[in-house]
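In: Here's a sequence, model it:
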Amino acid sequence: MARLSRRRPTRTRARGAATKAIIASKAPGSPTTPQTQDLADAVAAKALPSTRRLRRGGLANILVMTAAAGIVGTLAIPAYAIAPGSVGPQFGETDATRLSKAQAQSVEVTDDVIAAPVTDDGYATVSGEEIRAAAEAAAAAEAAEAARVAAENAMTSYAASYDGPSVGDFLANPPYPSFDLASVYNVATQYIGTPYVYGGATPAGFDCSGFVMYVYAQFGVSMPHSSAGQGAMGTVISEADAQPGDLVIMDGHDGFYAGDGMILHAPYEGASVRVQPIWTSDYSIVRIGI
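Out: Have a look, this model is predicted:
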């Protein structure tokens, strides 16, 4: 097994001679030759190159390490610590900052505090559905106005086509001063086939309540031109006790009871006075004169 030998640093002849010259010059009582003295003086005046290189390298390393430590220390300083002007009053802690660092606080509000009213900005949007609804409403209003004008024209024509006795004439001089329900119904059947006219109350044309009013006027009974008003004049009876001549009162419509669940009435525009089955269960029988 090979042994590791310690390598001795080599010496140059110049270094050895210089060393010997220095030792000889310093030794007491030793003779000094001119050559030895000159060599010692040269060595003392100027360091050997190899020694100067070693000293210079150590010093450079120390300087580099010192500079590096200074740079690292400078970078480690916080930015705000070296910011110019950071000690001015504008960089001081504000009231808001102090409050944000404070503990939780509570605020008491008295009972007489009134909440501030909330107001709109005054602007509103209109949806497409609202526009369509408005258009439909306008169309319906226009149609209603057209129907009213047509009814006025029909009434003008209707009034001009009839010259017989009116309701007022009958009330002033009733042809049947005393009546019974059978007589009322018999008079009413005389007008079957009369056309329906909105607002009509003569044989030129009847609406539902105008028909009832015109018939009862002949018996001296004055009635309003209204189905609800006519129903309020009598007494409600059961259908089992109903007789022809009693009134069938519905919501917005009326006529004469014709027996067996039938009604004699002026039905609607385009139709005529007729007898037909009662089409709804929502009605009542009212008798006039009791």
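
In: Going by C-alpha atoms from here, please, whenever you check contacts or count neighbours.
Out: Fine.

In: Do a quick rundown of the strands in this structure.
Out: Taking DSSP state E as the test, the strands found in the chain are 201-202, 205-206, 235-237, 247-250, 253-259, 262-265, 274-277, 284-287.

In: Quick one, which of these gets closest to residue 225.
Out: strand 201-202 (8.4 Å; CA to CA).

In: worst-scoring helix or strand of the protein, pLDDT-wise?
Out: Within the chain, no helix or strand scores below helix 79-82, which has a mean of 49 by mean pLDDT, DSSP states H and E.

In: how about low-confidence regions in the stretch 101-250 of the chain?
Out: 101-107, 109-124, 154-155, 159 (pLDDT under 70).

In: what about 80?
Out: 101-126, 151-161 (pLDDT under 80).

In: Quick one: the helices in it, in order.
Out: 128-161, 167-172, 181-189, 208-217, 227-233 (DSSP state H, counting those that start in this stretch).

In: Can you tell me which of these is packed in deepest?
Out: Ranked by mean neighbour count, the helices of the stretch 101-250 of the chain are led by helix 208-217 with a mean of 26 (mean count of other CA atoms under 10 Å).

In: which strands and helices sit next to it?
Out: helix 167-172, helix 181-189, strand 201-202, helix 227-233, strand 253-259 (3 or more CA pairs under 8 Å, 6 or more residues apart in numbering; DSSP states H and E).

In: Return the list of helices and strands in contact with the last one.
Out: Which is strand 253-259. Short answer (3+ CA pairs under 8 Å, 6+ apart): strand 253-259 packs on helix 208-217, helix 227-233, strand 247-250, strand 262-265.

In: Each with direction, which strands does that strand pair with?
Out: Here strand 253-259 has these sheet partners by DSSP bridges: strand 247-250 (antiparallel), strand 262-265 (antiparallel).

In: Select, out of these, the one closest to residue 198.
Out: strand 262-265 (13.4 Å).

In: CA atoms only: put that closest one into PDB for me.
Out: Coordinates of each C-alpha in strand 262-265 appear next as PDB, following Å, rounded to 0.1, in the frame of the first residue of the first chain:
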ATOM      1  CA  MET A 262    -136.900  28.000 -19.300                       C
ATOM      2  CA  ILE A 263    -136.500  31.800 -19.800                       C
ATOM      3  CA  LEU A 264    -138.300  34.300 -22.100                       C
ATOM      4  CA  HIS A 265    -135.900  37.100 -22.700                       C
END
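
In: Can you tell me what sits against it?
Out: Contacts to strand 262-265, defined as CA atoms under 8 Å, 6 or more residues apart in numbering, come from residues 189, 208, 211, 248, 254-258, 273-278.

In: Closest one to residue 134 out of those residues, please.
Out: The closest of the contacts of strand 262-265, once distances to residue 134 are taken by CA to CA, is residue 208, at 33.2 Å.

In: Could you check how many residues crowd around the residue lying closest to the closest one once chain neighbours are set aside?
Out: Spatial nearest neighbour of residue 208, excluding adjacent residues (CA to CA, 6 or more residues apart in numbering): residue 266 at 4.8 Å. Neighbours of residue 266 under the rule other CA atoms under 10 Å: 31.

In: Equivalent analysis for residue 71, please.
Out: Around residue 71 there are 10 residues (other CA under 10 Å).

In: Residue 286 now?
Out: Residues within reach of residue 286, counting by other CA under 10 Å, total 25.

In: thinking it is in contact with residue 229, fair?
Out: No. Checked against CA atoms under 8 Å, the pair residue 286 and residue 229 is beyond contact range at 11.7 Å.

In: re the thing from before, which one, of the helices and strands packed on helix 208-217, ends up nearest to residue 157?
Out: Nearest to residue 157 among the helices and strands packed on helix 208-217 is strand 201-202 (12.8 Å), distances taken as CA to CA.
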